[in-house]
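my questions are about this predicted structure, shown below with the sequence.
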Amino acid sequence: MLGIGFKFYNKTDDLSEYILGGRKLNSWLTAMSAQASDMSGWLLIGLPGTAYVLYNGTLEGIWTAIGLMLGTYLNWLVVAKRLRTYTQIAGNALTLPDYFENRFRDKKHFLKSFAAIFTLIFFLVYTASQFAAGGKLFNTIFGVNYTTGLLIGAVIILIYTAMGGFNAVCWTDTIMGVTMFFALIIVPVGAIMHMGGFGELHMRLASLTTESLGLFPQQNGAINTMLLASSLGWGLGYFGQPHILVRFMAVESPDMIKKSRIIAMIWVIITLSAAIAIGVVGKAYMPNLADGETVYMSMIYDMFPPALAGILLCAILAAIMSTASSQLLVCASAVSNDLLPHLLKKDFSGSGMLWISRLTVIIVCIIAIALALDPTSSVFGLVACAWGGIGATFGPIILFSLFWKRMTLQGAICGMLVGGIVDILWYLLSGGIFDIYEIIPGFLLSSLTIIIVSLATKVPQDMLDEYDEVVKFERSFK
């Protein structure tokens, strides 16, 4: 991965290349880098750890996976082509805040600045979750101190991201995505064979609980609708994730997106299913783990010879690195491209912006390390917090801006603020309705705000004309 960073260091000489790779991604790179950066260490640590808790935890994991599969499919089907088209026609935007500013003619840069600030807030938490996963990996496998392990992973990610930028991140993501795919399949299959087959698996699970794995999560004999809605609500997050959406913006041509969607869905369905299987099979294989989030690592350590175990464990590091590097890059673009020029009221040169981006990667990395220093941090919990915040803040704006020509600048600003603030407040409160995943009320209230404020304000004619041009241009592709 470091070698790839060095390779692209000399090929990256302007901000467009560093942030968006010059819009040259092919179908395979687009699909694999999008999904690898999406799933993160959560896929091999957080999700199996949730499924490890029989059986409500298992059902929470299953319905979360279903929500993510649906969200992934709709994101590729509905958002990808329109976003690729709009971001190029509307001022050739390099980032989502760029797109928002161009789309709504925000000459005072309010929308761009708010978007950059929310990106930094939530992505710091998201990046911290990846560093926490790295700390758990090195602590479990090598017995090194959690903080030392966290620092090792963070420094490697920092070096190749700061050096190579978007192209380096996409190529490393693709390699990591392949690694994760095969590792996730091998581990549960190996454990079932090691135990003696599915009959033994069923007997061991039956001995651990009197419950049976039903279709829906239960609470006091009834369907736990709060947990069910919260799990499915994860799918809403896809429409607002900058580190995923930027891959749509970077694909070479909109007509490549259909092939990318097929590749992405095959990868997502198989890897999510395998991650749930690791949690359930792992419970039968190693029922007494103190921390369920270490089940994947512990199974590998117990079952496989060192050479194969080392390769399989690389999948966790691959998942961590693929997401953290993408998030660091988004944070860098938020500061160097979206925030600093307006705060300082100064236009930087191409090389100046490039080095500001690299410096931002370093600073964000240091802050994320500080947030992840607590060894009891839950990877699942940290990811849930960040995913919900980003989805509620940006998701409604993305969807309405792409598919409702009547949306206005005022509606976008108010919708973004309502989505982000409601999500944060909901996360901090607990009990009753506040137990539902915060992305759901944040997303719904943001959407309602966008509609009401947009209908109460005037939309410029040139925005309406541009929308019609984008729709016409998009239809020219297959």
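That came through, no problem. Numbers count the residues shown, from 1 in each chain.

show me where the stretch 251-400 of the chain has its helices.
Along the stretch 251-400 of the chain, counting by DSSP state H, counting those that start in this stretch, helices occupy 257-285, 295-303, 306-333, 340-343, 350-371, 379-403.

okay, those in a markdown table with mean neighbour count, distance to residue 215 and mean pLDDT next?
The C-beta positions use only the backbone N, C-alpha and C, and glycine is treated the same way. Formatted as a markdown table, the helices of the stretch 251-400 of the chain follow (neighbours: other CB atoms under 10 Å; distance: least, CB to CB, whole Å; pLDDT from 0 to 100):
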| stretch | mean neighbour count | distance to residue 215 | mean pLDDT |
| --- | --- | --- | --- |
| helix 257-285 | 21 | 14 | 95 |
| helix 295-303 | 21 | 24 | 91 |
| helix 306-333 | 24 | 29 | 81 |
| helix 340-343 | 15 | 51 | 72 |
| helix 350-371 | 18 | 38 | 79 |
| helix 379-403 | 25 | 22 | 89 |
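
distance to residue 169 added to those helices, as TSV?
Putting the helices of the stretch 251-400 of the chain into TSV (distance: least, CB to CB, whole Å) gives the following:
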stretch	distance to residue 169
helix 257-285	17
helix 295-303	24
helix 306-333	5
helix 340-343	21
helix 350-371	11
helix 379-403	18
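
residue 476: which of the ones you listed is closest?
helix 257-285 (13.8 Å; CB to CB).

same for that closest one, what does it pack against?
Counting contacts by 3 or more CB pairs under 8 Å, 6 or more residues apart in numbering; DSSP states H and E, helix 257-285 is packed against helix 27-39, helix 46-51, helix 56-74, helix 80-89, helix 146-195, helix 198-208, helix 295-303.

pLDDT on the fifth one, on average?
In other words, helix 146-195. Helix 146-195 carries an average pLDDT of 85.

again, but for the second one
Model confidence over helix 46-51, given as mean pLDDT, is 90.

what is it packed up against?
helix 56-74, helix 257-285, helix 295-303, helix 379-403.

just give me how far the helix or strand following the last one sits from the chain centre.
Next helix or strand after helix 379-403 toward the C-terminus (DSSP states H and E): helix 409-428. Taking CA atoms, centre = their mean, to the nearest Å, one finds the center of helix 409-428 at 19 Å from the center of the full chain.

what angle do helix 379-403 and helix 409-428 make with each other?
160 degrees (axes from the mean of the first three to the mean of the last three CA atoms, to 10 degrees).

may I see the buried residues of helix 409-428?
409-424, 426-427 (16 or more other CB atoms under 10 Å).

excluding its backbone neighbours, what's nearest residue 374?
residue 132 (7.9 Å; CB to CB, 6 or more residues apart in numbering).

distance of residue 44 from residue 172?
17 Å (CB to CB, to the nearest Å).

looking at the two, which is more packed in?
Legend: neighbour count by other CB atoms under 10 Å for residue 44 and residue 172, higher for residue 44 (33 against 28).

tell me the mean pLDDT for stretch 445-453?
Rounded mean pLDDT across stretch 445-453 is 98.

for it, which positions count as buried?
Neighbour count says stretch 445-453 has 445, 446, 447, 449, 450, 451, 453 buried, by 16+ other CB under 10 Å.

quick one: residue 252 from residue 28, how far?
Residue 252 is 12 Å from residue 28, by CB to CB.

and for residue 247?
12 Å.

who has more neighbours, these two?
Counting neighbours by other CB under 10 Å for residue 247 and for residue 28 shows that residue 247 has the greater number, 30 against 14.

I figured the more buried one was touching residue 36, is that so?
No: the pair residue 247 / residue 36 is not scored as a contact, 10.1 Å apart, by CB atoms under 8 Å.

overlap of the contact sets of those two?
With CB atoms under 8 Å, 6 or more residues apart in numbering applied, the contact sets of residue 247 and residue 36 do not overlap.

got a pLDDT number for residue 344?
Reported pLDDT for residue 344: 68.

one step back: can you tell me the element the residue nearest to residue 374 falls in?
helix 110-142.

and the angle for that helix with helix 306-333?
Using the same axes, to 10 degrees: helix 110-142 against helix 306-333 is 160 degrees.

ok now helix 110-142, how far from the chain's centre?
On CA atoms, centre = their mean, the centre of helix 110-142 falls 10 Å from the chain's centre.

what do you get for stretch 26-46?
8 Å.

dump the C-alpha coordinates for that stretch into PDB.
Extracted in PDB, the C-alpha atoms of stretch 26-46 (Å, rounded to 0.1, in the frame of the first residue of the first chain):
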ATOM      1  CA  ASN A  26     -13.100   2.600 -14.800                       C
ATOM      2  CA  SER A  27     -16.100   0.400 -13.800                       C
ATOM      3  CA  TRP A  28     -14.100  -2.000 -11.600                       C
ATOM      4  CA  LEU A  29     -12.200   0.700  -9.800                       C
ATOM      5  CA  THR A  30     -15.300   2.700  -9.200                       C
ATOM      6  CA  ALA A  31     -17.300  -0.300  -7.800                       C
ATOM      7  CA  MET A  32     -14.600  -1.900  -5.700                       C
ATOM      8  CA  SER A  33     -13.200   1.400  -4.200                       C
ATOM      9  CA  ALA A  34     -16.700   2.600  -3.400                       C
ATOM     10  CA  GLN A  35     -17.600  -0.600  -1.500                       C
ATOM     11  CA  ALA A  36     -14.300  -1.100   0.200                       C
ATOM     12  CA  SER A  37     -14.300   2.500   1.500                       C
ATOM     13  CA  ASP A  38     -17.900   2.000   2.500                       C
ATOM     14  CA  MET A  39     -17.700  -1.100   4.700                       C
ATOM     15  CA  SER A  40     -14.600  -0.300   6.800                       C
ATOM     16  CA  GLY A  41     -13.300  -2.300   9.800                       C
ATOM     17  CA  TRP A  42     -16.900  -2.400  10.900                       C
ATOM     18  CA  LEU A  43     -17.500  -5.200   8.400                       C
ATOM     19  CA  LEU A  44     -15.100  -7.500  10.100                       C
ATOM     20  CA  ILE A  45     -15.300  -6.300  13.700                       C
ATOM     21  CA  GLY A  46     -18.400  -4.300  14.400                       C
END
